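J.: The sequence and its predicted three-dimensional model are supplied below.
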Amino acid sequence: MPGLPLAESGCGPDDFPAKLTLQVVLCTIIAAFGGFMFGYDVGISGGVTAMDSFLKPFFPHVYIKKHTARSNNYCKYNDHYLQLFTSSLYLAAIVASFVASLVCKRLGRRPAMQIASVFFFTGAAINAAALNLPMLIIGRLLLGAGVGFGNQTVPLFISEIAPAKYRGGLNICFQLLITLGILSANIVNFITSKVHPYGWRISLGGAAVPAVVLLIGSFMIVETPTSLLERGETDKARSTLKKIRGVDNVGKEYAEIREAVELASQVQHPFRSLRKRYYRPQLICGTIIQVFQQLTGISVITFYSPALFQTMGFGEHASLFSAVVINTIKPVCTIVAILVVDRFGRRALLIEASVQLFIAECAIGAILATHLDATSIMERDYAVAVICLICVFLSGFAWSWGPLGWLIPSEIYPLETRTAGFFMAVSMNMLVTFMVAQTFLTMLCHMRAGAFFFFAGCLFVMGTFAVVLLPETKGVPIDEMIGRVWKKHWFWKRPHAAEPATLPSFPTFAGRSSRKTMNTTGGCLYKDPNAPVEARVKDLLSRMTLEEKLAQMIQLDRVVADSYFLRDLAVGSVLSTGGSAPFENALASDWADMVDGFQKLALESRLGIPILYGADAVHGNNCVYGATVFPHNVGLGATRDADLVKSIGIATALEVRASGIQYTFAPCVAVSRDPRWGRCYESYSEDTNIVRKMTSIVAGLQGQPPEGHPHGYPFIAGRNNIVACAKHFVGDGGTHRGLNEGNTMLSYEDLERIHMAPYLDCIAQGVGTIMASYSSWNGSKLHTDRFLLTEVLKDKLGFKGFVISDWEALNRLSEPRGSNYRRCVASAVNAGIDMVMVGRKYNQFVEDIISLAKSGEIPTSRINDAVERILRVKFIAGLFEYPFADRSLLGTVGCKLHRNLAQEAVRKSLVLLKNGKESNKPFLPLDKNAKKILVAGTHADNLGYQCGGWTIAWYGLGGRITIGTTILDAVRKAVGEKTEIVFEEYPSPETLSGHDFSYAIVAVGESPYAEFTGDNAELVIPMGGRDILSLVSDRVPTLAIVVSGRPLVVEPHILEKTDALVAAWLPGTEGDGITDVIFGDHDFKGQLPVTWFKEVKQLPMNHGENNEYDPLFPFGFGLTYE
């Protein structure tokens, strides 16, 4: 089924690009029939209990009391067996929802829905054929199993397939179908009540209809991408996500889901995890919302409204008809909820409705207390007033506690506890519903009108909870709830100060003390800036306990870096993972405040060892809003200009240091041999010599070592420089079929010749750190390859800095990921990893490395070597003398000088691939004073797409994500005052035929991606780019600008139609560099740093390595105006 777009969802920082597709709508409607089953049962079970033909054979005592004239009005229906008929379903539902939570995780959401429909169908059949009360109860238990499976599965399914922007409204479709089920049941009851004596059998048997619809429909819907990834179906998960989102650029969302699945896979016992403090906020809110839903009193009005109306003096048919009337309100008001929940949010609806329901219940109780005694019949006017108040009650419930009782619990849990947490919510709902259904008629008999005041009191508590404690979840992607909701809530953020695991303690410290640890080292040698570095290293190392040494080997994510880890444990390093900023649009000064705050805590540790703060400043200080963003490495490789790249390193170091950051995970010196690799834009070239030339950036970042500087010894010139990191050692660009984290299959000689050579240059320039690769070499994981990390890198090449792991790389050393973690820690450290970027398993890492060190499985000599290397880099970088941000550098961030440098880099990176349909008639340069210009394409006015991945966020974003100039902005500045510019991203045929354009500038290309999210076996121009080029070039002379991190397939008919073709790579924030060249102020200088292939089936294809080298444009190609 095609993902036909019905509505758009934004692509800003708060959302993922998506459209509301027909696929998602149909899947939602089909799945929501699980709610119809539940609603039909609620309505039918309440209705048949008011039918004499049902009561007489199964509940004769109730039948007799009902028709006894002097019987107590409040006690006519007080019968435990009658209540058991209604409530038994919910006991079975509790058990079934637990089983369903396991089925959902192991088999998927669709199979769980199919099981629900089979149980419900069987229960309906048995109830319809019941001959006695035990048969009825058996049927009810089977119906309960169906309800448990359905209620557990459907809300999760809808929340996982729905775009974040529309999740609230789509999820409420479940409640809408519940209300329609109740209404349908009321209508059926009203009709069948006239069919004697077996009308009740038709009513009960009708429950089979929605079960059949769900069963058949479940074979037509998709499985959720989350569920597919849980079962290892990665390709199907990605294709399904594209289908349901209706867009090609799903890499960001796919990455979030995959990361959540990987984290969830490490949680072996989700139900046990729920007991931990970290998950307590979601557990409390998820379960209490479901409890509150039932304590509104909705179940008693829904189940027993016919009986209630008969209590007030209505006849059997009138009671059933009244139930039809009042339950018509619920679907209408539920539709209101669908329309407004994603606009006004969850809390606003709950708070308003709490007031509305409180008033209605108090008024109902007051009328019953004053106008209905034990034996008389209520006056008709008051009875009608009660019905009206019930309508007021139902309307408020239908747009608030009803739908949101299912929505909120389905969206607040992280994936690792989602099915378990939602089971707790559903089972609590079923338990409270059972208790209410089992006791209400007794309450009504003994408390009379006081029962309604009881529920009114509950509503007061519920409203207070919504005001004070309930967080708002509107519009937040489901797998980002923890960071963007719970960690920012005034009350619930406290349990999230630490990750889920129980925090271990080092034996030498007194736990998570808040006391300030005084520095007692006095005038120690390691504090003397004039002492030799190696002497300082030895002195400090001699003073450190084993635990303090091990702590220096930890690099911690900033989101969990607190006083315990920084002051008490004294970890060695903190990092911001891609896009992990202090807050949205944080400026350099905000970053400096954050880093300095961490540093102050570190300096309060026993020995006062400063942290090394790291970030991915891979093309400028790209994490910081307003910083200069330079072209990605592939574009810089096209310049062949080593001096330019060194200057970019100098500028980057200044902007990074101004932010308080002292360490960047750059440069990437991979030699990319296959453009299918998702990190190919981080590589300068497929050619080793060009990559070696571009390593000049190391001297820019760290400073130029003086002549005679010891080989392999780190060098950082001063306070204006930062520690660099050459990555990813080694062979990451040569994996089979370009798979990220894949396997590079080469002889050692070829590995050294092609992929290792750039590291020689980095080491010669004094690079401070080197990062190991996720990938493998001939099947051996690089992070555990002692031969390459120690014998080659440290011993043969003489590298004296430290080797750092990649993010959570140790988790990836075993299958399933995260298993046998202790063994992975030992293997990596013993292989030569000095500092571990631990990620989310930091508590376990602390426990394991202490245990391994004390047992001797990691030798003391290995620990001392690692810590010496780490301290060496810290001393050389001047951290002990200058640990804080230099705020005098803040003026350099995004300054004119640096933006001019970036503009120059853009100019020199552009590669002219075609200029004119005939060689003697060049199309470029363009005329600045043309009468009318069309600017079109997905990338013409999108700064985020122009910058690519690793910009503000890890995977990049779309839109005006930072300060800069788009291609459209640049064109508007470049052309003459009289030139008219028409911009349409997707030009319509009317626009093209209705204007006399001099020419068109069409910018198309890839949406941002990073790492595995960019692995691509197709490499076509996405997002309709080919169609735009074809449509425009058919009617207007066209310059095509391809904005991408790699060559893409350019079909022959596209190449033939376009008048000029330019590869702009990922140019960054300075779009003026493009107009500088296309309008002729500067000539083209760029040459292809990679081979531009014709078809994907040709890959891999590299110059000088393939006898069948037949590219569209060869390596080194690039036209000029001359």
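T.: Received it, and whenever you're ready, just let me know what you need.

J.: Please parse this structure into its domains.
T.: Domain segmentation of the chain under automatic domain parsing yields 15-72+79-488, 529-892, 910-1098.

J.: what's the spacing between the most centrally placed residue in the chain and residue 226?
T.: Centroid check for the chain by C-alpha atoms, centre = their mean gives residue 256 as the closest residue, at 3.4 Å. For residue 256, the distance to residue 226 equals 10 Å [C-beta to C-beta, to the nearest Å]. Bear in mind the C-beta positions are built from the backbone N, C-alpha and C, glycine included.

J.: Please produce TSV containing the domains of the chain, extended by distance to residue 1116 and mean pLDDT.
T.: As requested, the domains of the chain are exported to TSV (distance: least, C-beta to C-beta, whole Å; pLDDT from 0 to 100):
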stretch	distance to residue 1116	mean pLDDT
domain 15-72+79-488	30	79
domain 529-892	9	96
domain 910-1098	5	96
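
J.: Distance to residue 1105 added to those domains, as a markdown table?
T.: A markdown table is the format used below for the domains of the chain (distance: least, C-beta to C-beta, whole Å):
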| stretch | distance to residue 1105 |
| --- | --- |
| domain 15-72+79-488 | 28 |
| domain 529-892 | 8 |
| domain 910-1098 | 10 |
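
J.: so the residue nearest to the centre of the chain sits right up against residue 480, yeah?
T.: Yes. Using C-beta atoms under 8 Å, residue 256 makes contact with residue 480 at a distance of 6.7 Å.

J.: For residue 609, which residues are in contact?
T.: Residues in contact with residue 609, defined by C-beta atoms under 8 Å, 6 or more residues apart in numbering, are 540, 548, 552, 570, 572, 602, 871, 874.

J.: residues in contact with the last one?
T.: Each residue near residue 874 by C-beta under 8 Å, 6+ apart is listed here: 609-610, 612, 880.

J.: Backbone torsions only: list them for it.
T.: Torsion angles at residue 874 (phi, psi; degrees, to the nearest 10) stand at phi -60, psi -40.

J.: what about it, distance to residue 662?
T.: 9 Å.

J.: so how many other residues sit close to the spatially closest residue to residue 753 that is not a sequence neighbour?
T.: Leaving aside its chain neighbours, residue 753 sits nearest to residue 688 (7.2 Å; criterion: C-beta to C-beta, 6 or more residues apart in numbering). By other C-beta atoms under 10 Å, 17 other residues sit near residue 688.

J.: Most neighbours of all the contacts of residue 874, which one?
T.: residue 612 (29 neighbours).

J.: What residues does the closest residue in space to that one that isn't next to it in sequence make contact with?
T.: The shortest distance from residue 612 to any non-neighbouring residue, by C-beta to C-beta, 6+ apart, is to residue 573 (4.5 Å). By C-beta under 8 Å, 6+ apart, residue 573 lies in contact with 554-556, 611-614, 663, 835, 870.

J.: Equivalent analysis for residue 106, please.
T.: Counting by C-beta under 8 Å, 6+ apart, residue 106 has contacts residue 231.

J.: Next up, the contacts around the residue lying closest to residue 892 once chain neighbours are set aside.
T.: In this structure, residue 892 finds its nearest non-sequential neighbour in residue 654, 4.4 Å apart by C-beta to C-beta, 6+ apart. Listed by C-beta under 8 Å, 6+ apart, the contact partners of residue 654 are 720, 889, 892, 898.

J.: For residue 681, see how far away the last one is.
T.: To residue 681, residue 898 is 21 Å away according to C-beta to C-beta.

J.: and what of residue 964?
T.: In terms of C-beta to C-beta, residue 964 sits 18 Å off from residue 681.

J.: Looking at these two, which is more packed in?
T.: Applying other C-beta under 10 Å to residue 964 and residue 681 shows that residue 681 carries more neighbours, namely 31 against 25.

J.: Which stretches in the stretch 151-300 of the chain count as helices?
T.: For the stretch 151-300 of the chain, the helices defined by DSSP state H, counting those that start in this stretch occupy 167-192, 199-205, 208-218, 225-230, 234-245, 251-265, 270-273, 280-295, 298-311.

J.: TSV for those helices, including distance to residue 771?
T.: Listed next are these as TSV, based on distance: least, C-beta to C-beta, whole Å:
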stretch	distance to residue 771
helix 167-192	37
helix 199-205	66
helix 208-218	46
helix 225-230	26
helix 234-245	25
helix 251-265	19
helix 270-273	31
helix 280-295	35
helix 298-311	57
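
J.: Compare those and give me the one nearest residue 847.
T.: helix 270-273 (16.9 Å; C-beta to C-beta).

J.: Please write out the alpha-carbon positions of that closest one in PDB.
T.: C-alpha atoms of helix 270-273 as PDB (Å, rounded to 0.1, in the frame of the first residue of the first chain):
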ATOM      1  CA  PRO A 270      12.000  -5.400  32.000                       C
ATOM      2  CA  PHE A 271       9.600  -6.200  34.800                       C
ATOM      3  CA  ARG A 272      12.400  -6.100  37.300                       C
ATOM      4  CA  SER A 273      13.700  -2.900  35.800                       C
END
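
J.: on contacts alone, who are the packing partners of it?
T.: helix 418-447 (3 or more C-beta pairs under 8 Å, 6 or more residues apart in numbering; DSSP states H and E).

J.: thinking again about what came up before, closest to residue 467 among the contacts of residue 654?
T.: Distances from residue 467 to the contacts of residue 654, taken by C-beta to C-beta, are shortest for residue 889, at 45.7 Å.

J.: Next up, the contacts around the residue lying closest to that closest one once chain neighbours are set aside.
T.: Distances taken as C-beta to C-beta, 6+ apart place residue 658 nearest to residue 889, at 3.6 Å, with adjacent residues excluded. If a contact means C-beta under 8 Å, 6+ apart, then residue 658 has 588, 592, 621, 885-887, 889-890, 892-893 as its contacts.

J.: Identify the residues contacting residue 122.
T.: So residue 122 contacts residue 142 (C-beta under 8 Å, 6+ apart).
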